[in-house]
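> here is a sequence together with a model predicted from it:
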2 protein chains.
Amino acid sequence: MSTYTAPLRDMRFVLDELAGLGEISRFPAYSEATPDIVAAILEEAASQAGDVLAPLNQPGDEIGSVLRDGRVATPPGYAEAYRQFRESAWQSLPCNPDHGGQGLPQLLAAAVNEMWHSANMAFALCPMLTESAIELLENHASPELNQLYTTKLISGEWTGAMDLTEPQAGSDLAAIKSRAVPDGDHYRISGQKIFITWGDHDLTDNIVHLVLARLPDAPPGIKGISLFLVPKHPVQEDGSPGPHNDLYPVSLEHKLGIHASPTCVMSYGDNGGAIGYLVGEEHNGVACMFTMMNHARLAVGMQGLSISERAYQQARDYARERIQGRVPDMGDRATIIHHPDVRRMLMTMKAGTEAMRALCYLTAASLDYKHHGKDEGERKTHAEMFALLTPVVKAWCTELAQELTSLGIQVHGGMGYIEETGAAQFFRDARITTIYEGTTGIQARDLVERKVLRDGGRVLQRLLGDMQDTVASLGGSNDADMNIVRSHLENGIQHLREAAEWLLANHEQDGHLPGAASYNFLMLAGTVLGGWLMARAGLAAQAKLGEEQEDAAFYRAKITSARFYAEHILTRSHYYLQTVLAGSDSMMQLEADQF
Amino acid sequence: MSTYTAPLRDMRFVLDELAGLGEISRFPAYSEATPDIVAAILEEAASQAGDVLAPLNQPGDEIGSVLRDGRVATPPGYAEAYRQFRESAWQSLPCNPDHGGQGLPQLLAAAVNEMWHSANMAFALCPMLTESAIELLENHASPELNQLYTTKLISGEWTGAMDLTEPQAGSDLAAIKSRAVPDGDHYRISGQKIFITWGDHDLTDNIVHLVLARLPDAPPGIKGISLFLVPKHPVQEDGSPGPHNDLYPVSLEHKLGIHASPTCVMSYGDNGGAIGYLVGEEHNGVACMFTMMNHARLAVGMQGLSISERAYQQARDYARERIQGRVPDMGDRATIIHHPDVRRMLMTMKAGTEAMRALCYLTAASLDYKHHGKDEGERKTHAEMFALLTPVVKAWCTELAQELTSLGIQVHGGMGYIEETGAAQFFRDARITTIYEGTTGIQARDLVERKVLRDGGRVLQRLLGDMQDTVASLGGSNDADMNIVRSHLENGIQHLREAAEWLLANHEQDGHLPGAASYNFLMLAGTVLGGWLMARAGLAAQAKLGEEQEDAAFYRAKITSARFYAEHILTRSHYYLQTVLAGSDSMMQLEADQF
C-alpha cells in the first residue's frame, strides 16, 4: 500500500524562506494567520491527507466512479472522506469572510492544496473546482446568487463544476453551441457538455454548474457567449434545494487515470430546458470565465507538484528497501539508493519537485500581494507577476511532472509496471494535467502572446532583473556548490533574455512564430525560474547553516539539490533557446499530406 | 477504432538508401532474397499486420490474458491470429536453414518485426521471445535438443519463454536461487520465476522455457548459474509432447500495459522437480544468455520504434480530421494539423520515429554483415559495431518512445486521455520497453563500461570518423536546409567526442563516474547517431531529387525531417554533454536519509 507523508519540513522551508509567509501573515487582512494557527492548519491538513485521503487513492483508482441509474456513485469511503473534509471547513480556508470564508492567505491555501493533491488527486479535483466556482461567482455573480449559492460552496455543503467543453469546442470556446433562452427571471439552458469533472456525484445534496451558452441574440464567436449558474437543484424560497433541474449525466468517460473523479457527459434541456441564472453581463461569459481560469491554472500546476512529490516518496522508499547489485565500497548487499543511476533519477525527482514547489508557492504568494499589498504599486507589480507566472506554473510544472512520474516507475524496475505497486497510478493520473484547464500549447501561447509580446517584454525584463540580483548575491559565495549554481544560473538567464529579445524582434515578420516557439519558450522560462528559486533556496540554506547547528543535514541537502538542479535541469536552457531560434520554417514546411 | 498501415514507403527508403539491403541481398548466403521475394514479403507482412493483428490490439488490451484453472487464456482472436502467423511461417524468416529456417536477412526480418510490434506489441512479444530462444539454442544447445525443440520453435508449432528473473534477482542475476539437481540424463528444476512473458498461453501445444538455475555444486555469484531447457511438455520418444512437466503459472501480473501478453509467475518443482536439460556448459548459463540478450535488446529497441510509429499514425490522422481554432491565413475552420504547436509535436514524432528506424535497421544490417560479411575484417568491424549500437538502440529508442507516445496523447487534447481513443494504450504499452530486457540504466552501463571504456574508445572513434565523413559530404551542399543539418551535426559529433574523451580521462579517479554519467552519455550517443542517420537520409533524398521527378514530395519531406531533427532533437546533445561533465559529485553527495 502506497502511503503519503506530507513533507512539512520542506514546505515550511519554502513558505518561510522563499515565499514570504512571515510578511504575508502580517498583512492586516490576514490577522487570523498567526504562527500558531498556521502551524496547526498545516499539521491538521497533513494528518487528514495522510490518514484519510491517501489510503483511498489506490482503491479509488481500481473501483472508479460509476454511473448507475442516472446518478454517479463514487468509490467506497469517498463520501465519508468528503464529510470530514467539509466538517473541517477546508473549503473555506482562503475564501472571503463576507460569504463565510476564513480569509486566510492564498499561500497557506496553496500548501494545504498541495497535500490534498498528493494524497488523492482524483478526490482533490472536486474541492479544486469548487474553489474555482467560488472565485468566479464572488467576482461576477449578483449578491442574491452569492447569498443563495456561493455561501453553500464555501461551507462545502455543495460543490461546483465548470461546464465549458463541447464536442466541437475544446481549446476553441468560440465554437460553443449550447443555448440559453430567457424565461422570466431566469433562463432555460439546453445543449451537451463533455469532460465535466465531478459533474455529478453522491458527496453532496446539490451541485452548482457554471455553464457557457449562447443567448438567442448572441453575436457569433467568442463574444457571444454568456455564463450561467445552473444548479442541479435550484434553491426554493426557503433556501432548500428544490426538484431536480433538467440536467443529467448521460455517461462517464473511461480514462487513463483519475478514475475516482467522474468525468461526465452532461445533457441539458431534454425536458424543456434547465433553469439557469445569468452570471455577469450578457455575452461576456468567456471573459468572466478567464478571471477564474488563472486560479484554476495555478491549481493544476500545483497538481504537477503534488503528483511528483507523491511519486518521489514512493520511489525513494522503494529505493531505500530494495537490495540489488553491487556498488563500489558497499559489496553486494547494497540497497539501490546507493546506485549512481538510481540517484540520478531520485535527485532529478527531488530537485525538480523542490523547484516546482518554490515556483507554485511564489505564485500563490503573488496573489496575496496582488490583493493585499501595501500600496497600489506593490499590488500592480504582483498582479503582473501573477499573470506572467500562471501559464508557466500550469504548463512547466505539469510537463515536468510527466518526466518525474515516469522516473518514479523506472526506479522500481519491473515492479514499477505492476499496478499494485502504485507508481503507475501516479504516472497515469499525472498525464491529464498537461491537458485540462488549457493544454500546454494554450498556456504557451498565453505566455508568449499576452504576457511577453503584448507589453514588449516589460514584466519579463523586471523578473530577469530580479534573477540577475540573485546571481549578484551568489557572486559573494566561496562555496564550490553555489559557484556552480551561479554559473549555470547566469547562463540560463542569458538564454531566456536572448529568446525573449529574439521573439520580440522577429514575431511581426512571421505569423507562425509565436505558436512555433511558444512551447520551448515556456519550458525555457520554467526551467530558468526553477533554477533561480533553487539558487535562492541554496542561499537561504547557506544563511541558516551560518546561524544554527540544528537541521544542518537538511540545509546541506538543499544546497546539493540546488547544485543538482543547476547541473541536470537548468542546463536544458541552452537546448530550449536553440529550438526557439530555429523559428517556424521546418515546422511549417510540410503540406498536411506529407505527414 | 485505431488502425495501422505499414509505412512501406518509409521502410523501403531506409532499407534501400541507408541500411544497404541491396548489397546484403547479394550475399551468397541470402540468394533467396531476390527483389521480388523481398517485396512480396514486405507486402504480405503489411497485410497481416494491418488486417489481422492491428484490429486485435485494442480489444486485447481491454480483455487481457487471464489465468483460469491453472492455464492462461488469451483474448478472443489471438489463437486464430497465431495460427495464421504460424502458417505463414513468419517465425522462420531469418532462421538457420539447417533447422528449417528460411535464412533471409536479419535486416529484412527487422522490417517485418517493426510491423508486428506496431500492429500489436502484446502479441508480437510471443514470437519475439521465441526468436530469442531459437538464437540461444542454436548457439549453445546439443544437436539432439536442437533437433527435438529448436525445429519446433522455428516452425512456430511451439513458442519459447525466457525465465531469468526471481523476486530477489532482477537486474542482478547473481542473486538467482532456483535449483537444478542431476537426475539421470536430465535435471530436476525447482524454484520460482517472476515476470515470465508469455510463460503460459493457449496458442500452441507446447512451450519451451529457458531457465537459469544453480547446480548443487555451483560456486556463488554470477559464475555459478547454469541454463536449462525446460519444456512445458517434455518430448517423448516418438517426438510428440508428453505429460505436463512440473512447472505451472501460479499468477498473472496486473500491468500498466501490454495486457494481452500474459506475464506469469512460474512455479517449478512443486511435485518433485521439473524435467530440464542442460544448455551449454555447467555454470556458464549467464554467458549463454548474453549471446541471446543482444538479439532481444535489438528487438526491444525496435519496439520503441514500432510503438512510436503507431502513435504517430494515430495522432497524425486525428490532427488531419479535428477542426479547432484559428490559424493565420486559414480562418476559423482549420484542422489542427495546421497549428504550429501541433506541428511541433507531429514533426517531433515523425522525425524521431524516422531516426529510430534508421538506427534500428542499420543495427540489424550490421548483424548480417557480422555473419556473412565478405572477409574477416568486415565481419569483425560489424560485430564490433553491433555490440556498440545494441545498448543504444535498446535504451535510446525506448526512452524516445516515452516522449513520442506521450506527445501522441497530447495531440489529441482531452480525447487523448480517453481510453477508447487508443492513444493512451500506446503510451501504456510503451512504458515497459525501458524496463524489460535490461533497464535503461543497465544498457547505459553496458555502453559506457563494456563498449567504450574497455577498448579505450577505439570502436566509438571509428564510428565518429564515419560521422565526420557525412559532415564532409554535407559540406558540398548549397541547400539551406542541409546546411543547417550540417552545422548541428558537427556540434553533436563534437559533443559526443568530448564526452567520451572526458570519461576516458576521468573514470579511473572516480568509481561512481561511469554509473553517474552513463544515462546521459547513452542519450547523447543515440541523439547524435540519430542526427547522423537523418543527415544521411537527407543526402540520399537530395540525390534522389536530382535523379527523378517522381516522389518529389516524399523526398522533400525527408529533407525537412532531417532539418527538424537537427534543430529540435539533435540540439539536445549540448545538454547531455553538460550533464556528463557534471560528474558524480552532486549525485552522490546525500546520505540515504537525506532524501
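Received the coordinates, thanks.
> okay, and the nearest residue to residue A:498 once chain neighbours are set aside sits in which element?
Nearest residue to residue A:498 in three dimensions, chain neighbours excluded: residue A:577, at 6.1 Å (CB to CB, 6 or more residues apart in numbering or on different chains). For every residue, glycine as well, the C-beta is placed using N, CA and C. Per DSSP states H and E: residue A:577 is located in helix A:573-581.
> can you list contacts of that helix?
For helix A:573-581, contacts defined as CB atoms under 8 Å, 6 or more residues apart in numbering or on different chains pick out A:491-492, A:495-496, A:498-499, A:502-503, A:517, A:520-521, A:523-524, A:527-528, A:531, B:567-568, B:571-572, B:574-575, B:578.
> quick one: buried ones out of these?
A:491-492, A:495-496, A:499, A:502-503, A:517, A:520-521, A:523-524, A:527-528, A:531, B:567-568, B:571-572, B:574-575, B:578 (16 or more other CB atoms under 10 Å in any protein chain shown).
> okay, and which of the residues you listed map to helices?
Of the positions in the buried ones among the contacts of helix A:573-581, A:491-492, A:495-496, A:499, A:502-503, A:517, A:520-521, A:523-524, A:527-528, A:531, B:567-568, B:574-575, B:578 sit in helices, assigned by DSSP state H.
> which residues does the residue lying farthest from the centre of chain A bridge with?
Here the centre of chain A is the reference, and by CA atoms, centre = their mean the most remote residue is residue A:331, at 43.6 Å. Beta-bridge partners for residue A:331, by DSSP bridges, are residue A:327.
> for the residue in the stretch 101-250 of chain A that chain B sits nearest to, phi and psi?
Residue nearest to chain B within the stretch 101-250 of chain A: residue A:172 (4.5 Å; CB to the nearest CB). Here is the backbone geometry of residue A:172 (degrees, to the nearest 10): phi -100, psi 90.
> for residue A:426, same thing?
Dihedral angles (degrees, to the nearest 10) for residue A:426: phi -60, psi -40.
> so it sits against residue A:315, correct?
No: applying CB atoms under 8 Å, one finds residue A:426 not in contact with residue A:315, separated by 9.4 Å.
> which stretch of helix or strand covers residue A:345?
helix A:340-372.
> following that helix, which helix or strand comes up?
That would be, after helix A:340-372 and using DSSP H and E, helix A:376-411.
> report the buried residues of that following helix.
For helix A:376-411, by 16+ other CB under 10 Å, it's A:381-411.
> same check on stretch A:194-212?
A:194-201, A:203-204, A:206-212.
> quick check: domain ranges of chain A?
A:8-64+A:74-154, A:159-284, A:448-586 (automatic domain parsing).
> end-to-end on the second one?
Start and end residues of domain A:159-284 are separated by 24 Å (CA to CA, to the nearest Å).
> circling back to that earlier point, let me know the angle separating the helix holding residue A:345 from helix B:573-581.
110 degrees (axes from the mean of the first three to the mean of the last three CA atoms, to 10 degrees).
> which one, of the domains of chain A, ends up nearest to residue B:303?
Nearest of these to residue B:303, taken as CB to CB: domain A:159-284 at 20.1 Å.
> and the longest strand seen in chain A, what does it pack onto?
Counting by DSSP state E, the longest strand found in chain A is strand A:186-197. When contacts are defined as 3 or more CB pairs under 8 Å, 6 or more residues apart in numbering or on different chains; DSSP states H and E, strand A:186-197 sits against strand A:159-163, strand A:179-183, strand A:207-213, strand A:226-231, strand A:247-252, strand A:263-268, strand A:274-279.
> what's next to the first one, contact-wise?
Outside strand A:159-163, the residues that touch it by CB under 8 Å, 6+ apart are A:126-127, A:129-134, A:153, A:193, A:196-199, A:201, A:203-204, A:207-212, A:230, A:266, A:289, A:292, A:296.
> give me the subset of the buried residues of helix A:376-411 that also touch chain B.
Among the buried residues of helix A:376-411, the residues lying close to chain B (CB under 8 Å from any CB of the partner chain) are A:402, A:406, A:409, A:410.
> now the strand or helix carrying residue A:41: buried residues?
Applying DSSP H and E as the criterion places residue A:41 in helix A:35-48. Across helix A:35-48, burial judged by 16+ other CB under 10 Å covers A:38, A:41, A:42, A:45, A:46, A:48.
> swap in stretch A:268-283?
Residues A:268, A:269, A:273, A:274, A:275, A:276, A:277, A:278, A:279, A:280, A:283 are the ones in stretch A:268-283 that count as buried (16+ other CB under 10 Å).
> swap in stretch A:122-139?
Quick answer for stretch A:122-139 (16+ other CB under 10 Å): A:122-138.
> hang on, the earlier thing: residue B:589 versus the residue farthest from the centre of chain A, what's the distance?
21 Å (CB to CB, to the nearest Å).
> assign the closest residue to residue A:329 other than its chain neighbours to helix, strand or coil.
Of all residues not flanking residue A:329 in the chain, residue B:511 sits nearest, at 7.6 Å (CB to CB, 6+ apart). Assigned with DSSP: H, G, I helix; E, B strand; the rest coil, residue B:511 falls in the coil class.
> burial of residue B:511, as a residue count?
14 (other CB atoms under 10 Å in any protein chain shown).
> residue ranges with poor pLDDT in the stretch 51-200 of chain A?
Across the stretch 51-200 of chain A, nothing is flagged by pLDDT under 70.
> what residues does it have near chain B?
The stretch 51-200 of chain A comes close to chain B at residues A:165, A:168, A:170, A:171, A:172, A:174, A:175, A:194, A:195, as judged by CB under 8 Å from any CB.
> of these - the most surrounded one?
residue A:195 (26 neighbours).
> what helix or strand is residue A:556 on?
Counting by DSSP H and E, residue A:556 is part of helix A:552-568.
> how about residue A:79?
Going by DSSP H and E, residue A:79 is in helix A:78-87.
> again, but for residue A:298
Counting by DSSP H and E, residue A:298 is found in helix A:285-321.
> phi and psi next, for the residue in the stretch 451-595 of chain A positioned nearest to chain B.
Relative to chain B, the nearest point of the stretch 451-595 of chain A is residue A:515 (3.3 Å; CB to the nearest CB). In terms of degrees, to the nearest 10, the main-chain angles of residue A:515 are phi -70, psi -40.
> find the closest residue to chain B in the stretch 201-350 of chain A.
residue A:340 (3.3 Å).
> measure the residue nearest to that residue when sequence neighbours are not counted to residue A:329 for me?
Nearest residue to residue A:340, sequence neighbours excluded (CB to CB, 6+ apart): residue B:515, at 3.3 Å. To residue A:329, residue B:515 is 13 Å away according to CB to CB.
> returning to what we had before: tell me what the helix holding residue A:79 is packed against?
Using 3+ CB pairs under 8 Å, 6+ apart, helix A:78-87 sits against helix A:121-140.
> and the angle from the helix it packs on to strand A:159-163?
80 degrees.
> just the CA coordinates for helix A:121-140, please, in PDB.
Presented in PDB, the C-alpha positions along helix A:121-140 are these (Å, rounded to 0.1, in the frame of the first residue of the first chain):
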ATOM      1  CA  MET A 121      -5.600  13.900  -6.800                       C
ATOM      2  CA  ALA A 122      -8.900  12.400  -8.100                       C
ATOM      3  CA  PHE A 123     -10.700  13.400  -4.900                       C
ATOM      4  CA  ALA A 124      -9.000  16.800  -4.600                       C
ATOM      5  CA  LEU A 125     -10.300  17.800  -8.000                       C
ATOM      6  CA  CYS A 126     -13.700  18.200  -6.500                       C
ATOM      7  CA  PRO A 127     -12.800  21.000  -4.000                       C
ATOM      8  CA  MET A 128     -10.400  22.400  -6.600                       C
ATOM      9  CA  LEU A 129     -13.300  23.000  -9.000                       C
ATOM     10  CA  THR A 130     -15.500  24.300  -6.200                       C
ATOM     11  CA  GLU A 131     -12.800  26.800  -5.300                       C
ATOM     12  CA  SER A 132     -12.800  28.000  -8.900                       C
ATOM     13  CA  ALA A 133     -16.500  28.300  -8.900                       C
ATOM     14  CA  ILE A 134     -16.400  30.400  -5.800                       C
ATOM     15  CA  GLU A 135     -13.800  32.700  -7.300                       C
ATOM     16  CA  LEU A 136     -15.900  33.200 -10.300                       C
ATOM     17  CA  LEU A 137     -19.200  33.800  -8.500                       C
ATOM     18  CA  GLU A 138     -17.600  36.200  -6.000                       C
ATOM     19  CA  ASN A 139     -16.300  38.300  -8.900                       C
ATOM     20  CA  HIS A 140     -19.200  38.200 -11.200                       C
END
